[in-house]
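>>> Need a 3D model of the following:
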Amino acid sequence: GVGQDKKMAVKFYRKAAMHGHVHAHHNLGIKEWREGNFNRAVRHLLISAKMGDKDSVESINRAFMAGLATKEHYAEALKGY
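Next comes the predicted model:
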């Protein structure tokens, strides 16, 4: 099969996110989360939550419950959703 090129995937996610693609923001948020960049993760997830992405709202809720996002972040995600 074809090998995965994660750097190339991130490049395309960023490009898609700049064009307003909701799932690209969500995927970038998850990538940042896995790398321990919680502030960046929450920023991407907030954008996609405000665009109506349920998974992003749930991810922000989990971040809030883990103490990695604020109550305001969660409220903003819900309001936008």
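>>> Report the contact partners of the nearest residue to residue 45 once chain neighbours are set aside.
Distance criterion CB to CB, 6 or more residues apart in numbering; nearest residue to residue 45, sequence neighbours excluded, is residue 29 at 3.8 Å. The C-beta positions use only the backbone N, C-alpha and C, and glycine is treated the same way. Going by CB atoms under 8 Å, 6 or more residues apart in numbering, residue 29 touches 40, 41, 42, 43, 44, 45, 48, 56, 59.
>>> just checking, what packs against the helix or strand in which residue 61 is found?
Counting by DSSP states H and E, the element that carries residue 61 is helix 54-65. Helix 54-65 sits against helix 22-34, helix 38-50, helix 71-80, with contacts defined as 3 or more CB pairs under 8 Å, 6 or more residues apart in numbering; DSSP states H and E.
>>> so which of the ones you listed is the most packed in?
Burial of the helices and strands packed on helix 54-65 is given as mean neighbour count (mean count of other CB atoms under 10 Å); helix 38-50 ranks first at a mean of 21.
>>> what's the angle between the helix holding residue 61 and helix 22-34?
On the basis of axes from the mean of the first three to the mean of the last three CA atoms, to 10 degrees, helix 54-65 is oriented at 30 degrees to helix 22-34.
>>> No more questions from me, cheers.
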